[in-house]
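A.B. asks: Sequence plus the predicted model coming up.
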Amino acid sequence: MSVNATTPLVESLRQNAKDLLDIQVLQTTVNEIISQASWLQIIMAVIVVVLSYDQIKYQLNKGVIAGPRFKVWPIIGPFLESLDPKFEEYKAKWDSGELSCVSIFHKFVVIASSRDLARKILSSPKYVKPCVVDVAIKILRPTNWVFLDGKAHTDYRRSLNGLFSQKALEIYIPVQEKYMDIYLNKYVKYDGPRQFFPEFRELLCALSLRTFCGDYITEEQIALIADNYYRITAALELVNFPIIIPYTKTWYGKKIADETMQIFADCAAMAKVHIYEKNGSPTCVMDEWIHLMKNAREKHLEDAESKLLIREFTDKEISETIFTFLFASQDASSSLACWLFQIVADRPDVVEKIRQEQLQVRNNDPNQRLSLELINQMTYTNNVVKESLRYRPPVLMVPYVVKEKFPVTETYTAPKGSMIVPTLYPALHDPEVYDDPDTFIPERWENATGDMYKRNWLVFGTGPHVCLGKNYVLMLFTGMLGKFVMNADLIHHKTDLSEQIKVFATIFPKDDLWLEWKARDPLAASA
Ligand code: HEM
């Protein structure tokens with residue numbers, strides 16, 4: 001065979017040899033440049049390459065959606081702004097387009113502000129899953145159910161749904177009412193106004209812990225958790241050091257989380273004795289959970305085909321799950337309490353209507369204890385809570401992470417690994433669905449359309465991760481608002497910051513809410 005024969009093999013070998021030669025030439029050239037260049041020139045070149053890569057990557061990820069033309073702050077992006085988030089800046093972003101973006105360090109973030117895109121993202125478990133900061137996995141523990149995805153998540157959730165059914169919610173009311181009374185008595189004894197942001201955080205922590213653990217948890221343990229819970233929120237910053245160093249924020253956060261979970265595990269052990277060994281009736285979430293397990297086990301013994309079999313959950317599993325309930329509820333419920341009582345204190349017309357309804361559903365007996373049946377009759381009071389949730393939704397947006405390339409619209413595909421953030425606020429202030437959306441009008445709920453309480457009602461999210469506590473929240477706050485307004489006058493000491501929104505995981509009045517409470521005769525006419 002002639003050497004010149006142009007068979008494909010020879011051609012390919014020749015091409016390879018040529019490529020090799022080219023690479024060698026290139027290497028030589030690079031080596032020559034490097035040997036002739038100063039260190040400063042090399043450093044400058046590396047910086048130019050890194051910066052160019054950062055900008056090009058940003059452009060490719062951004063595609064057609066709204067967002068800064070270039071990364072104004074190279075590499076870090078708007079990182080410094082993200083440390084002190086401002087509501088007005090978020091709002092400007094949502095108004096900039098139904099899909100917009102930012103890039104912080106290597107993280108590319110897509111923000112969806114329209115109702116339909118928010119719903120689409122929340123209902124696309126094939127493409128997305130909730131995004132958690134790395135340190136959350138350490139604090140909540142990797143074994144925690146909230147990190148499950150897909151079918152494993154749906155199955156686990158199914159076993160928790162019974163804890164928030166109407167039947168179960170009824171069980172928790174007596175213990176909640178006991179603590180509502182304790183805290184209201186405390187408030188009306190305070191001398192003059194004080195900031196209620198910390199007061200409401202403590203109230204909500206106590207109400208949640210009593211609902212979850214009943215009398216198994218002690219006052220000292222509640223005080224310990226209420227006093228230190230803020231350390232857990234503080235530890236969950238977006239950017240954290242990858243390892244937990246002793247005596248840093250994350251170390252304290254994990255320590256408090258571990259201590260809290262140990263308290264919950266001890267409570268779960270006591271609840272098991274109460275339900276299994278003493279055949280007791282359930283009075284709190286833990287009891288109800290164990291009661292459901294016991295029923296399922298008995299049903300299964302009677303009928304092996306029974307689908308009711310819920311597996312046995314260990315004390316550790318129960319403690320981790322109850323911790324997620326506290327974690328999910330604490331900030332959002334405190335936010336609702338602040339806005340609800342601030343708004344109502346400023347609206348004598350709303351106070352008057354709540355009081356009328358409270359006496360009417362109780363047949364003029366203000367001492368009648370709360371029950372689910374009674375709360376279900378409080379239509380107006382419930383509408384006030386709903387309107388507060390719409391007007392000032394505690395959770396503005398929910399970060400998700402893209403598991404695989406996600407065609408969000410016909411023209412835009414979110415890249416794998418990016419963060420995608422459906423926002424809830426715009427849908428709740430959509431003028432096409434809620435007339436005069438920036439005004440607090442509880443009466444709008446009297447003739448609510450389907451869109452108002454279904455498609456646009458994103459306060460609690462939607463899809464497979466929709467809030468587990470959504471009915472619980474409405475029941476608890478309707479009962480509490482009715483009782484508090486019936487038994488006390490609320491005086492809001494307004495400041496220039498009262499109407500401004502502070503973003504601290506959820507949202508709060510910027511002045512932390514100055515309130516004063518005065519006991520009143522519930523049968524007296526309103527002032
Ligand atoms: C005003 C109070 C509350 C608000 C506004 C709120 C809102 C939300 C939102 C927006 C989500 C994310 C939903 C999604 O990704 O689609 C969520 C998830 C969750 N919420 Fe709530 N929540 C509140 C109170 C509570 C309470 C009291 C509990 C428990 C008793 C609770 C338990 C949960 C849990 C466990 C999840 C995660 C569910 C999952 O991943 O499957 N929340 N909540």
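C.D. replies: Now that the structure is in, tell me what you want to look at.
A.B. asks: How about residue 74: what's its closest non-neighbour residue?
C.D. replies: Excluding the flanking residues, the one nearest residue 74 by CB to CB, 6 or more residues apart in numbering is residue 51, at 5.2 Å. Where C-beta positions appear, they are placed from N, C-alpha and C, glycine not excepted.
A.B. asks: Please settle this for me: is that neighbour part of a strand?
C.D. replies: No - read with DSSP: H, G, I helix; E, B strand; the rest coil, residue 51 is helix and lies in no strand.
A.B. asks: per-residue pLDDT, it?
C.D. replies: Predicted confidence (pLDDT) at residue 51: the value is 84.
A.B. asks: That one - how many residues pack around it?
C.D. replies: Residue 51 has 13 neighbours, counted by other CB atoms under 10 Å.
A.B. asks: Next: residue 45.
C.D. replies: Number of residues near residue 45 (other CB under 10 Å) recorded here: 13.
A.B. asks: how close does the residue nearest to residue 74 sit to the ligand?
C.D. replies: 36 Å (CB to the nearest ligand atom, to the nearest Å).
A.B. asks: try residue 419
C.D. replies: 14 Å.
A.B. asks: which residues does that residue bridge with?
C.D. replies: residue 109, residue 401 (DSSP bridges).
A.B. asks: What are the neighbouring residues in contact with it?
C.D. replies: The contact partners of residue 419, taken as CB atoms under 8 Å, 6 or more residues apart in numbering, are 107-110, 131, 399-402.
A.B. asks: For those, which entry has the maximal number of neighbours?
C.D. replies: residue 110 leads the contacts of residue 419 on contacts (other CB under 10 Å) with 27 neighbours.
A.B. asks: who are the neighbours in contact with that residue?
C.D. replies: Residue 110 makes contact with 65, 99-101, 402, 408, 414, 418-421, according to CB under 8 Å, 6+ apart.
A.B. asks: Export those residues as a markdown table, with columns for pLDDT.
C.D. replies: Formatted as a markdown table, the contacts of residue 110 follow (pLDDT from 0 to 100):
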| residue | pLDDT |
| --- | --- |
| 65 | 86 |
| 99 | 97 |
| 100 | 94 |
| 101 | 92 |
| 402 | 96 |
| 408 | 97 |
| 414 | 97 |
| 418 | 94 |
| 419 | 93 |
| 420 | 96 |
| 421 | 95 |
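A.B. asks: ok, those residues vs residue 204, which is closest?
C.D. replies: residue 421 (25.5 Å; CB to CB).
A.B. asks: returning to what we had before: pick the one among the contacts of residue 110 closest to the ligand.
C.D. replies: Set against the ligand, the nearest of the contacts of residue 110 by CB to the nearest ligand atom is residue 421 (10.9 Å).
A.B. asks: close enough to count as contact, the closest one and residue 107?
C.D. replies: No - using CB atoms under 8 Å, residue 421 makes no contact with residue 107, being 11.3 Å away.
A.B. asks: the strands in the stretch 351-500 of the chain, which residues?
C.D. replies: 400-402, 406-407, 413-414, 419-422, 488-492 (DSSP state E, counting those that start in this stretch).
A.B. asks: Could you tell me which residues within the last one count as buried?
C.D. replies: In this case it means strand 488-492. 488, 490, 492 (16 or more other CB atoms under 10 Å).
A.B. asks: Name the nearest residue to the residue in the stretch 51-200 of the chain positioned nearest to the ligand, ignoring sequence neighbours.
C.D. replies: Proximity to the ligand, evaluated over the stretch 51-200 of the chain using CB to the nearest ligand atom, is greatest for residue 122 at 4.6 Å. Once flanking residues are discounted, residue 122 sits nearest to residue 463: 4.1 Å by CB to CB, 6+ apart.
A.B. asks: Strands along the stretch 1-150 of the chain, start to end?
C.D. replies: 99-104, 107-112, 128-130.
A.B. asks: these two touch, right, residue 274 and residue 287?
C.D. replies: Yes - with contact defined as CB under 8 Å, residue 274 and residue 287 form a contacting pair (6.4 Å).
A.B. asks: quick one: which of the two has more around it?
C.D. replies: Neighbour comparison, residue 274 and residue 287: the larger count goes to residue 287, with 25 against 21 (by other CB under 10 Å).
A.B. asks: what's the weakest-modelled helix or strand in the protein?
C.D. replies: The helix or strand of the chain with the lowest confidence, counting by mean pLDDT, DSSP states H and E, is helix 8-36 at a mean of 66.
A.B. asks: Make JSON lines out of the buried residues of strand 488-492 and add pLDDT and distance to the ligand.
C.D. replies: Below are those laid out as JSON lines (pLDDT from 0 to 100; distance: CB to the nearest ligand atom, whole Å):
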{"residue": "488", "pLDDT": "98", "distance to the ligand": "22"}
{"residue": "490", "pLDDT": "97", "distance to the ligand": "19"}
{"residue": "492", "pLDDT": "98", "distance to the ligand": "20"}
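A.B. asks: Report the two of the contacts of residue 110 separated the most.
C.D. replies: 100 and 402 (15.7 Å).
A.B. asks: longest helix of this protein?
C.D. replies: Determined from DSSP state H, the single longest helix within the chain is helix 315-345.
A.B. asks: and the gap between the closest residue to residue 361 other than its chain neighbours and the ligand?
C.D. replies: Leaving aside its sequence neighbours, residue 361 sits nearest to residue 377 (CB to CB, 6+ apart; 4.3 Å). Separation of residue 377 from the ligand (CB to the nearest ligand atom): 22 Å.
A.B. asks: and what of residue 316?
C.D. replies: 18 Å.
A.B. asks: What is the burial count for that residue?
C.D. replies: 15.
A.B. asks: just for the stretch 401-527 of the chain, where's the confidence low?
C.D. replies: Applying pLDDT under 70 to the stretch 401-527 of the chain flags residues 526-527.
A.B. asks: How about the residues of it by the ligand?
C.D. replies: 459-463, 465-469, 472-473 (CB under 6 Å from any ligand atom).
A.B. asks: coming back round to it: what do residue 274 and residue 287 both touch?
C.D. replies: Common neighbours of residue 274 and residue 287 are listed as residue 280 (criterion: CB under 8 Å, 6+ apart).
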